[in-house]
Structures are given as structure tokens and as C-alpha cells.
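Trainee: Let's see this in three dimensions:
(chains A and B)
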Amino acid sequence: MTTDIKNRNEELKRKAPRLAALLQSENPFRIPEGYFEDNLKNLPILTSETFDKDITDSKKSFNLPESYFKNLDNRILSRIKELEKSGGGGIPEDYFETLPAMIINKIHKEEKADNSNRNVGRIRTIRSRIVKVMAAAAVLTGLVLSYGILTQQSSEDDVLAGLNSVSTSDLESYLSNQLDHLDEDELNTVIDLNADIIPDDEKEWINEDELEKFILDDMDNATIEDLL
Amino acid sequence: MISENLPDEKLIRLFKAEATREAAFAAIIRKYQERLYWHLRRMLHIHEDADDVLQNTFIKVWKNLDKFREDARLYTWLYRIATNEALTHINKEKKHRSGSIDNDELGLAERLRADEYFDGDEAAIKLQEAIAQLPEKQKLVFNMRYFQELKYDELSEILETSVGALKASYHHAVKKIEQYLKSA
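Mentor: This next block holds a predicted model:
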């Protein structure tokens, strides 16, 4: 044992006695039978003083397994040869020549699959989502405002809070259930998507007084109660 | 067959010559395989992981030994490659495991108990957990200083850190392990 190692061990016993005691135990790590080959006896004794220990010493904390290293050099060389054969991660021949056609085919396949699986209740285009959300928003706005007006408890904040509490997915779900009979084309004839549907300026939004007037003037009591 | 007892400079020269490349490489593997294996095994704990990373290490050596400038010692260069490969493996494993335990000592205990090539008792498992809870650098320094018995100047070359910083790392590592063992 070198002086360096002796000093290290002494210091360890002083500063960390529990650790020092545990480190005296045998090496708990084992290697599979046959992992190291019989080369153990022929292992190089290195000239550097750090490595002048006998690594077959059974008192050492590490068990030196047998046969792990059997043909390890051959195994590694075979693996390297395989890698070199396959191009070591290179690309197949004429990869770039065929790539554009492959991508276009893939796109066509996906578009076909989308078209054939089209489901009115689950239209995913942005256009249809806007249509459905707008239609639901219009219905809900009317419902919330009319309820507020009739109970005389509505304030702008209450109305907005009521509208905000409804998520987009809830709106879509409501529409899927209620508006199944409508397809996108019919909805589009009702709502002109080319128009600026949502005004940028809040002042142009539906005015509460105008809506109240519309509901009270243009709908009879029976209709309002039906909505509730 | 080329003897692995040849000095490193000779082995490197033989590697660089086309005719003796493979034989020299095989000699280098035989010369350093055990030390590198145990270095990796201490870091990775499981034999299969150490085996994988050891093979990856030597494949990297094969690809890069031509460029090795010999301003460093061959074995410190090998240790550096092995260490980096092991750290890459550890980081990959951490991403795959569910949960986000940074030091992962809970998972380690289970893996060791399930490992047929681990013969340690609960005390030995506790020691491995204590080491595993260290920050990566301290873990490396402790393992390489204690189990690999590397000198500080060799560690400095491998880890590209000053001797002073390494001594501090080792000191902190020992303290933290002892604290962990006391509290366990």
C-alpha cells in the first residue's frame, strides 16, 4: 500500500468512521461467471506506482470476475465492423432522391384518411370551430342576458362572469349535441365568415340595452320562458 | 497478438499503422478493460449497464485514437471518455424513469436488491445510496479517489479540474456520506 493510500485511509477513519468501516467490507459487486476470462493471470502489472497492486488479491474490496473479458476485444471489433458496414449511422442510397416523393405520398395518405373519417360533430377546421363557438356564444349571451334582465340582478360583470365561466370545449360539446343536424355549409350561410365577426372595439360589441329591447320587443313571454 | 504490456506510446504507434491497428486495439482493450469496467460499475452499479457503456467507450476510442495528441496520458484520456459515456448514460436513464428524484437513491436500492450480481447486505446498499446522493462531480471524485485509487494529479487530468478543487470535493463528499450514514 502506498503512503498516499495509507494517509487517505487514516484520514478517513478520523473524519468518517462509519464510512471507513463500511469501506472495509468486501466488494458487493459481482460479475457473471465467465465474464472475465483467464487473462486475469496475464493482466498487465502497470509501471505507475498507483497501480502496483495485485488485482487478484482476494482481500481487495473488488472481486475480479472471470471470463467477462473473454473475447471482449473480438466482440468490440465485430461491433465496429458491423457499424462500418451499415455506414455507422449513415443514410441509405438514393435517400434524398426518393424523399420528396415519400413525403408527398404521406401527405396524400393523411389527407385521404382525414376526409374519410370526417365527423360533423367533431369538425376540426378552424373555420368550423369559429362557426360553432360563435353560434354557441350568441345563444348563451341571449340566455344569460335575458335571465339577468328578468331577475333584475344582472350587471355587466355578472354577465361577463357567466359567459367566461363557460369553456370553449363546453360550448363545442353543447353545439355537438344541439346542432348535429346543421352541417358546416348551412352554418356558413347564416354567418358570413368573411366578415369581421368579432369587432375589435369593445364599444361595438352587443349593447345590453339593445339586446334587452330586441328580446322584449321581438319575443313573446312564452318564448323567453322556453329559453329559461 | 500484440502484448498489452507494451508501453502506451508503442501501442498507439501500432494502432496508427494500418497493418497492426486491430491487434494494437485489442491489446489496449485487454490492458485497460478491468480498470475502466470497475470505474463504470461504481458509477452505474448494474453489470449490464457497465458492460454497455464499456463497449461504447472502446468504440469511441477506436474512432478517436488517431486524433489522440499524446499530450495527456492514454489512461487518463480513456478514463475521461468512459466517464463522459457513463454520465451520458445516467442522464438518459434519468429522463426515462418516472418521477424526478434528482439523486435517485430510492430507485437505486430497489435496483440493487433486484440485481443478481450484487451481493451486498443492507449496509452495503446504504453505502451505495449515500454515495449516489452526492452531486455528480463529488460522486466521481470520491469513487475515483477511493475505489480507483487515483492520485489527485491524475484526477485533475481526467476531470479537468484543479487539484485544490478536487481535494475540496473529496472532503465534502466524505462529510456528506458520513452524515447520510449517521442519519440513516
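Trainee: Need the pLDDT of A:Asn74.
Mentor: With respect to pLDDT, A:Asn74 has a value of 82.
Trainee: Now it: closest residue in space that isn't a chain neighbour?
Mentor: B:Ala26 (7.5 Å; CB to CB, 6 or more residues apart in numbering or on different chains). The C-beta positions use only the backbone N, C-alpha and C, and glycine is treated the same way.
Trainee: So the one you found sits against A:Leu72, correct?
Mentor: No. The pair B:Ala26 / A:Leu72 is not scored as a contact, 9.0 Å apart, by CB atoms under 8 Å.
Trainee: what about these two, which has more around it?
Mentor: A:Leu72 (23 against 19; other CB atoms under 10 Å in any protein chain shown).
Trainee: mind giving me the domain ranges of the chain?
Mentor: Assuming you mean chain A. A:1-89, A:120-227 (automatic domain parsing).
Trainee: that's the wrong chain, I meant chain B
Mentor: For chain B, automatic domain parsing gives the domain ranges B:1-96, B:121-184.
Trainee: So the shortest one, near chain A or not?
Mentor: Read that as domain B:121-184. Yes. Using CB under 8 Å from any CB of the partner chain, domain B:121-184 reaches chain A at B:121, B:123-124, B:126-128, B:130, B:145-147, B:149-151, B:154, B:174-175, B:177-178, B:181-182.
Trainee: Can you select the buried ones among those residues for me in ChimeraX?
Mentor: With 16 or more other CB atoms under 10 Å in any protein chain shown as the burial test, the buried ones among those are selected in ChimeraX as follows:
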select /B:124,126,127,128,130,145,146,147,149,150,151,154,174,177,178,181
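Trainee: residues touching the residue of chain A found nearest chain B, list them.
Mentor: In chain A, the residue found nearest to chain B is A:Pro28; the distance is 2.8 Å by CB to the nearest CB. Going by CB atoms under 8 Å, 6 or more residues apart in numbering or on different chains, A:Pro28 touches B:118-121, B:124, B:128.
Trainee: mind checking pLDDT for residue 138?
Mentor: No chain was given, so I picked chain A. On pLDDT, A:Ala138 comes in at 65.
Trainee: wrong one, I was asking about chain B
Mentor: B:Gln138 is given a pLDDT of 94.
Trainee: Does it touch B:Ala173 like I think?
Mentor: Yes. B:Gln138 is within contact range of B:Ala173, at 4.1 Å (criterion: CB under 8 Å).
Trainee: Those two: who's more crowded?
Mentor: B:Ala173 (25 against 22).
Trainee: Surely that one is in a helix?
Mentor: Yes. Under DSSP: H, G, I helix; E, B strand; the rest coil, B:Ala173 falls within a helix.
Trainee: could you list every residue that touches it?
Mentor: By CB under 8 Å, 6+ apart, the residues touching B:Ala173 are B:134, B:138-139, B:141-142.
Trainee: and with 10 Å instead?
Mentor: B:Ala173 is in contact with A:16, A:19, B:130-131, B:134-135, B:137-143, B:145-146, counting by CB atoms under 10 Å, 6 or more residues apart in numbering or on different chains.
Trainee: Most neighbours among the residues you listed, please name it.
Mentor: Comparing the contacts of B:Ala173 by number of neighbours (other CB under 10 Å), B:Val141 comes first, having 27 neighbours.
Trainee: Look up how far chain A lies from that residue.
Mentor: Look at B:Val141 and chain A: by CB to the nearest CB, to the nearest Å, they are 12 Å apart.
Trainee: Quickly find the element holding that residue.
Mentor: Here B:Val141 sits within helix B:136-142, counting by DSSP states H and E.
Trainee: Could you list every helix and strand that that helix packs against?
Mentor: The contact analysis (3 or more CB pairs under 10 Å, 6 or more residues apart in numbering or on different chains; DSSP states H and E) places helix B:136-142 against helix B:21-44, helix B:74-96, helix B:122-132, helix B:152-159, helix B:163-183.
Trainee: So what touches that helix?
Mentor: Under CB under 10 Å, 6+ apart, the answer for helix B:136-142 is A:19, B:39, B:42-43, B:83, B:86-87, B:90-91, B:102-103, B:130-135, B:148, B:150, B:152, B:155, B:158-159, B:161, B:165-177.
Trainee: residues near A:Asn74, how many?
Mentor: Around A:Asn74 there are 12 residues (other CB under 10 Å).
Trainee: I'd like to check the angle between the one helix or strand it maps to and helix B:21-44, please.
Mentor: A:Asn74 is part of helix A:72-85 when elements are defined by DSSP H and E. If you take axes from the mean of the first three to the mean of the last three CA atoms, to 10 degrees, helix A:72-85 sits at 100 degrees to helix B:21-44.
Trainee: Using neighbour counts, pick out the buried residues of helix A:72-85.
Mentor: Quick answer for helix A:72-85 (16+ other CB under 10 Å): A:72-73, A:76-77, A:80.
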